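>>> from the sequence below, what's the structure:
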Amino acid sequence: MTDDQAPHRLPGVIEPDGPEVDCDLAIIGSGMGGSTLAHALRASGARILVVERGDFLPREQQNWSPEAVFVQGRYRNGDQWQDAQGRPFQPGVHYYVGGNTKVYGATLPRFRETDFGPVAHAEGDSPGWPIDYADLEPHYGRAEDLYRVHGAGGEDPTDPWRSTDYPHPAVEHEGAVVDLAHRLRDQGLNPFHLPTGIDLREGGACVRCATCDSFPCLVGAKSDADVRALRPALAGGDVRLLTRTLVGRLHADATGRVTHAVATRDGRELTIRAERFVLACGAVNTAVLLLRSGLANGSGQVGRNYLVHNSTFLVAADPARRNRAVFQKTLGINDWYLAKGGRPPLGNVQMLGKLQEPMVRAASPHVPAAVRRFVTDRSLDLYLTSEDLPTQDNRVLLDAAGRITVHWRPNNLGAHRELVRRTTRALRAAGYPLVFTRRMGIETNSHQCGTAVMGTDPATSVVDPAGRTHEHDNLWVADASVFCSSAAVNPALTVAANAFRIAKGVLA
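Model (predicted):
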């Protein structure tokens with residue numbers, strides 16, 4: 001067997017032989033933030049332990065099966081949460097080595113320069129960050145190199161400046177997407193090639209399949225945190241990985257220094273002792289762990305300012321022509337991203353991976369299968385994202401029984417509705433008369449952020465600009481929890497760049 005076939009045999013994957021594990025640095029969570037941080041520190045000489053509650057996602061033929069992934073929910077292993085009214089829902093989280101990046105769409109844009117400053121929106125202001133784009137820029141380049149980002153500069157008028165080129169050329173459009181790009185340009189818009197993390201180099205593993213976005217990658221070609229960051233880090237010898245280990249609580253001594261974590265592994269209690277701890281569990285679970293532990297919350301801000309974007313699926317179809325594109329997720333539009341002429345910022349538009357009939361079955365169960373198949377065979381499929389604004393009331397907390405509760409009321413929806421209207425007009429003008437939209441609800445939280453915001457004032461923030469909690473000098477946060485705003489593009493590359501940025505300070 002190869003390492004890809006038997007990942008438990010990878011160097012650094014450990015099986016504890018007692019009730020305690022000791023290390024210099026414990027990173028809790030192996031998603032984009034945790035794995036990138038481990039990669040950044042892999043040659044530091046410190047004994048680094050990455051702790052993941054899930055296991056390796058298996059590579060199997062079902063990785064590429066729409067029936068298995070969407071109808072059977074084969075890889076949906078997240079726990080159940082509840083909303084403010086106590087109604088349960090199944091969140092869009094996946095507990096595997098690599099976290100949600102195992103099934104993400106691998107679109108890896110940088111935030112715009114303006115995203116780091118205060119931005120006036122239709123329904124309020126988005127706050128500024130204590131860092132700016134220049135602080136992250138070199139780390140964006142490192143992250144693009146690590147995650148093999150393919151892109152093209154100069155196409156998107158909102159692109160921020162960069163000191164390095166994309167490491168790989170853009171993923172070219174296919175068939176119907178080529179035609180759409182031409183028709184959008186004829187309308188005066190500026191479609192661009194999405195920055196995409198896949199192994200499409202000469203001799204690379206990517207086969208440009210139709211099962212990338214929202215699917216695990218059977219051939220290891222998607223730039224997820226497991227394959228691109230953590231496995232190379234494990235090969236270096238200083239990084240170890242502990243799977244199937246759920247950390248329930250952190251403990252601190254009287255001085256505020258975190259001394260150990262108490263976890264459960266295969267039904268047994270395990271104590272993890274470390275000199276330093278980093279949380280990278282995702283915005284909800286990082287906040288939950290801090291709340292359960294009673295740590296880092298002197299400001300009362302842990303769990304507050306929960307952000308997930310306003311998002312809409314848009315399906316545009318022309319009954320007269322089939323869409324034969326296979327790898328469809330290559331085009332984006334940012335013409336309405338920034339404020340212009342008195343109009344507030346609206347957001348980002350990007351292609352989705354090509355929809356197939358089983359992927360829409362749950363959303364339209366009363367529509368005959370033949371009709372669903374007819375539409376998806378002829379559709380272009382897009383994802384529209386607008387910024388939501390942080391509020392004290394949109395928050396993550398624990399109820400009296402310890403259950404994860406998400407209080408979330410969407411805001412800034414007027415701008416999002418306008419983005420949907422403009423995109424709909426553009427698609428109809430491009431020759432797609434049938435347009436269907438569906439706004440995402442509380443369960444769609446793959447872009448979650450904001451529950452442990454960074455700032456310089458301990459009274460209004462949870463971590464400082466270096467990612468260290470104000471109240472505990474050996475506890476950091478390295479995921480999107482620290483984001484002060486959500487911007488309106490995918491957060492993954494910014495999470496990775498920020499992990500690179502704070503890495504040196506974690507071991508200083």
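>>> low pLDDT regions in the stretch 301-450 of the chain?
The model of the stretch 301-450 of the chain has no residue with pLDDT under 70.
>>> which residues in it form strands?
Counting by DSSP state E, counting those that start in this stretch, the stretch 301-450 of the chain has strands at residues 310-317, 331-333, 348-351, 379-386, 395-398, 404-407, 434-439.
>>> gap between the residue nearest to Ala325 when sequence neighbours are not counted and Ala210?
Leaving out its chain neighbours, the residue that sits closest to Ala325 by CB to CB, 6 or more residues apart in numbering is Glu174, at 4.2 Å. No exception for glycine: its C-beta is placed from N, CA and C like everyone else's. Distance, Glu174 to Ala210, using CB to CB, to the nearest Å: 11 Å.
>>> identify the contacts common to those two.
The contact sets of Glu174 and Ala210 overlap at 326-328 (CB atoms under 8 Å, 6 or more residues apart in numbering).
>>> pLDDT at the residue nearest to Ala325, what is it?
With respect to pLDDT, Glu174 has a value of 96.
>>> is it true that it touches Gln328?
Yes - counting by CB atoms under 8 Å, Glu174 touches Gln328, with 7.1 Å between them.
>>> so for these two, which sits in the more crowded spot?
Gln328 (25 against 17; other CB atoms under 10 Å).
>>> between the strands of the stretch 301-450 of the chain, which one is nearest to Arg231?
Checking the strands of the stretch 301-450 of the chain against Arg231 by CB to CB gives strand 348-351 as the closest, at 27.9 Å.
>>> that closest one packs against which elements?
Under the contact criterion of 3 or more CB pairs under 8 Å, 6 or more residues apart in numbering; DSSP states H and E, strand 348-351 touches strand 331-333, strand 379-386.
>>> which among those strands is found nearest to Leu314?
Nearest of those to Leu314, taken as CB to CB: strand 379-386 at 4.5 Å.
>>> restricting to C-alpha, output the closest one in PDB.
The C-alpha trace of strand 379-386 is given here as PDB (Å, rounded to 0.1, in the frame of the first residue of the first chain):
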ATOM      1  CA  SER A 379     -27.300  24.900 -16.600                       C
ATOM      2  CA  LEU A 380     -24.500  27.200 -15.600                       C
ATOM      3  CA  ASP A 381     -24.200  27.100 -11.800                       C
ATOM      4  CA  LEU A 382     -23.000  30.100  -9.700                       C
ATOM      5  CA  TYR A 383     -22.400  31.000  -6.100                       C
ATOM      6  CA  LEU A 384     -23.100  34.600  -5.000                       C
ATOM      7  CA  THR A 385     -21.500  36.000  -1.800                       C
ATOM      8  CA  SER A 386     -22.100  39.200   0.000                       C
END
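>>> neighbouring strands - and their directions - for it?
strand 310-317 (antiparallel), strand 348-351 (antiparallel) (DSSP bridges).
>>> any idea which of these is most buried?
Mean neighbour count (mean count of other CB atoms under 10 Å) peaks for strand 348-351 among the strands paired with strand 379-386, with a mean of 26.
>>> what angle do the lengthiest helix in the chain and strand 310-317 make?
Identified as the longest helix of the chain according to DSSP state H is helix 413-429. Interaxial angle, helix 413-429 versus strand 310-317 (axes from the mean of the first three to the mean of the last three CA atoms, to 10 degrees): 10 degrees.
>>> orientation of helix 413-429 relative to strand 434-439 in degrees?
160 degrees.
>>> helix 413-429 packs against which elements?
strand 310-317, strand 379-386, strand 434-439.
>>> can I get those strands in CSV including distance to Tyr104?
Compiled in CSV, the helices and strands packed on helix 413-429 are given as follows (distance: least, CB to CB, whole Å):
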stretch, distance to Tyr104
strand 310-317, 14
strand 379-386, 12
strand 434-439, 20
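>>> out of the ones you listed, which is closest to His168?
Distance to His168, taken as CB to CB, is lowest for strand 379-386 among the helices and strands packed on helix 413-429, at 22.7 Å.
>>> what segments of the stretch 101-250 of the chain are helices?
133-146, 175-186, 225, 231-234 (DSSP state H, counting those that start in this stretch).
>>> which ones are touching Cys206?
Contacts of Cys206 were listed using CB under 8 Å, 6+ apart, and they are 198-200, 219, 221-222.
>>> Val227 is nearest to which of the strands paired with strand 379-386?
In terms of CB to CB, the element of the strands paired with strand 379-386 nearest to Val227 is strand 348-351, at 22.7 Å.
>>> touching, Arg110 and Tyr140? I think so.
Yes - if you go by CB under 8 Å, Arg110 and Tyr140 touch, sitting 5.1 Å apart.
>>> shared neighbours of those two, anything?
Common neighbours of Arg110 and Tyr140 (criterion: CB under 8 Å, 6+ apart): 162, 493-494, 497.
>>> so for the residue lying closest to Val13 once chain neighbours are set aside, what's the pLDDT?
Nearest residue to Val13, sequence neighbours excluded (CB to CB, 6+ apart): Leu241, at 5.0 Å. pLDDT recorded at Leu241 is 98.
>>> Leu241 and Val495: what is the separation?
Counting by CB to CB, the gap from Leu241 to Val495 is 19 Å.
>>> the nearest residue to Cys23 once chain neighbours are set aside: which element?
Take Cys23 and drop its neighbours on the chain: the residue closest to it by CB to CB, 6+ apart is Leu49, 3.9 Å away. Element membership of Leu49 [criterion: DSSP states H and E] is strand 48-51.
>>> rewinding a little: which one of the strands paired with strand 379-386 lies nearest to Val435?
Nearest to Val435, of all the strands paired with strand 379-386, is strand 310-317, at 4.9 Å by CB to CB.
>>> quick one: contacts of the closest one?
With contact meaning CB under 8 Å, 6+ apart, strand 310-317 is reached by 347, 352, 355, 360, 375-376, 378-388, 410, 412-413, 416, 419-420, 423-424, 427-428, 430, 432-440, 444, 447.
>>> quick one: contacts for His94?
54, 57, 75-78, 100, 102-103.
>>> that older thread, what's the helix or strand just after the strand holding Leu49 packed up against?
As assigned by DSSP H and E, the chain's next helix or strand after strand 48-51 is helix 66. Helices and strands touching helix 66, by 3+ CB pairs under 8 Å, 6+ apart, are helix 357-360.
>>> contacts only, for the residue of the chain most remote from its centre.
Distance from the C-alpha centroid of the chain peaks at Ala320, with 36.2 Å (CA atoms, centre = their mean). By CB under 8 Å, 6+ apart, Ala320 lies in contact with nothing.
>>> can you give me the distance of it to Leu355?
To Leu355, Ala320 is 18 Å away according to CB to CB.
>>> equivalent analysis for Pro169, please.
Noted for Pro169: a distance of 26 Å to Leu355, by CB to CB.
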